[in-house]
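Trainee: sequence and predicted model, in that order:
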Amino acid sequence: MVDWTPAGAEPVLWMSEHSRLDTTVAIRGGIPICWPWFGAGLRGVASPLHGFARLSEWRMVRNVADDDAVTVTYLLVDAHQDKFDYPYRLTYEVSFGRKFSAVLTVRNTGIHRFTFEEALHTYLRVGDIRKISVVGLDGASYLDKASGHEIGPHQQVGDLTFVEETDRIYQTTADIDVVDPSMGRRITVYRTDSRDAVVWNPWVDKARAMSDFGDDEWQTMLCVETGNVGQHAITLAPGKEHSMGFTLRLSELS
Ligand code: BG6
C-alpha cells in the first residue's frame, strides 16, 4: 500500500523517492506488512528482517467500491514455507475513503499451533518531524531500540517530540494523534487488537546509511506502526484466526 490522499487533502502516507519498487527489498514507505516476525524475531536471528510478507507477491481477490470508500482485499497463502513451517492464510483488507483502514487477518490452516509477530509498518507524511508531537502515549511503557538493543522498559512522560533518532516499541492500545502544526493537521491512529505501537524516525545518520532513503527525507516522515510484537506475539491454535488493524483519520488543527 503506497498512498492515501483523501479528497482536498495532502497525501497522508509517506514514500521515499529512493524506494525500490521491486520484490528484492521492501518498499520504503506506504505500509509494508511485517509478518511472521518483527525485526529479527523473538530469538533475534530471523531473516529477512521484519519477515517475508513484505517481500511477497500478494494476490488481489476483491475490489469493491461504494459511495464512501474503495475496499480492496489481498491474500497470501503458504508463501515461503522454507522459512515458516506452518500452513497459513493471510488476508489483508484495505479501505480508502474519507478515512483509511487496514486489517490483517491471520488464519492457522494447519494442524499445529504457531506463534507469530506482526506489524503494519505505516509511514506517515509530516511537515517537519522537529515540530510535530505525538499525543496519546503519556504513561505508556516502552522499549528503546535506538542503540540497536532493546533497552527498558521506560515510561513515557507527556507527549512525544523528536530531537534525535527514535525507535521505540510502546506497549499500549491507546489511540495516537500525530499533531502537525506545519501541515495544519492531525492524523489519528485508532488501533484494533494491537498491543504495541512502534514509533520510528531514523534521523540524520541512519537515513544517510540507507540506500533507499534520501539524506534529508527523515525530516518529513514518521512511522507509527500497529503491531503485536515481542511478549505480545500471537499464538494461534489450528483452525483459528486473529485480526489486527488500524484506521487513520485526518482532521484540521484549529
Ligand atoms: C522499525 C524498526 O520498525 O523499522 C527499526 O523498529 C527499523 O529498528 C525500521 O530500523 C526500518 O526497518 P527496515 O528493515 O524497513 O529498514
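Mentor: Looks like it arrived, so ask away.
Trainee: bridging residues for residue 65?
Mentor: residue 70 (DSSP bridges).
Trainee: residue 124 versus the residue with the largest distance to the centre of the chain, what's the distance?
Mentor: Computed with C-alpha atoms, centre = their mean, the residue of the chain farthest from its C-alpha average is residue 111, at 29.3 Å. Distance of residue 111 to residue 124, computed by C-beta to C-beta, to the nearest Å: 40 Å. Yep, even glycine has a C-beta here, placed from its N, CA and C like the rest.
Trainee: for the protein, what spans make up the helices?
Mentor: Here the chain has its helices, by DSSP state H, at 203-209.
Trainee: look at the residue farthest from the centre of the chain and report its pLDDT.
Mentor: If you check residue 111, the pLDDT there is 98.
Trainee: go on, the one 4 residues further on?
Mentor: The predicted structure scores residue 115 at 98 on the pLDDT scale.
Trainee: residues touching residue 108, list them.
Mentor: 86-88, 114, 236-241 (C-beta atoms under 8 Å, 6 or more residues apart in numbering).
Trainee: let me fix that: residue 57
Mentor: Contacts of residue 57 (C-beta under 8 Å, 6+ apart): 23, 79.
Trainee: how close does the residue in the stretch 1-150 of the chain that the ligand sits nearest to sit to residue 26?
Mentor: Closest contact between the stretch 1-150 of the chain and the ligand, by C-beta to the nearest ligand atom, is at residue 49 (4.4 Å). In this view, residue 49 and residue 26 are 9 Å apart by C-beta to C-beta.
Trainee: so for those two, which sits in the more crowded spot?
Mentor: residue 26 (22 against 13; other C-beta atoms under 10 Å).
Trainee: assess the claim that the more buried one and residue 55 are in contact.
Mentor: Yes - assessed by C-beta atoms under 8 Å, residue 26 is found in contact with residue 55 at 6.2 Å.
Trainee: sorry, back to before: from residue 234, how far off is the residue farthest from the centre of the chain?
Mentor: Residue 111 sits 18 Å away from residue 234 when distances are taken as C-beta to C-beta.
Trainee: same question, residue 87
Mentor: For residue 87, the distance to residue 234 - C-beta to C-beta - is 16 Å.
Trainee: enumerate the residues of the stretch 1-150 of the chain near the ligand.
Mentor: Applying C-beta under 6 Å from any ligand atom, one finds that the stretch 1-150 of the chain approaches the ligand through 26, 49-50, 121, 145.
Trainee: which non-adjacent residue is nearest the residue nearest the centre of the chain?
Mentor: Closest residue to the average C-alpha location of the chain: residue 121 at 1.9 Å, with C-alpha atoms, centre = their mean. Excluding its sequence neighbours, the residue lying closest to residue 121 (C-beta to C-beta, 6 or more residues apart in numbering) is residue 32, at 4.5 Å.
Trainee: report pLDDT for that neighbour.
Mentor: At residue 32, pLDDT is 97.
Trainee: and it, its phi and psi?
Mentor: Dihedral pair for residue 32: phi -60, psi 150, per degrees, to the nearest 10.
Trainee: next, count neighbours for it.
Mentor: Residues lying near residue 32 (other C-beta under 10 Å) number 23.
Trainee: what's the answer for residue 161, then?
Mentor: When neighbours are defined as other C-beta under 10 Å, residue 161 has 13 of them.
Trainee: with residue 109 instead?
Mentor: For residue 109, using other C-beta under 10 Å, the count is 13.
Trainee: you'd agree it is up against residue 90?
Mentor: No - if you go by C-beta under 8 Å, residue 109 and residue 90 don't touch, sitting 10.5 Å apart.
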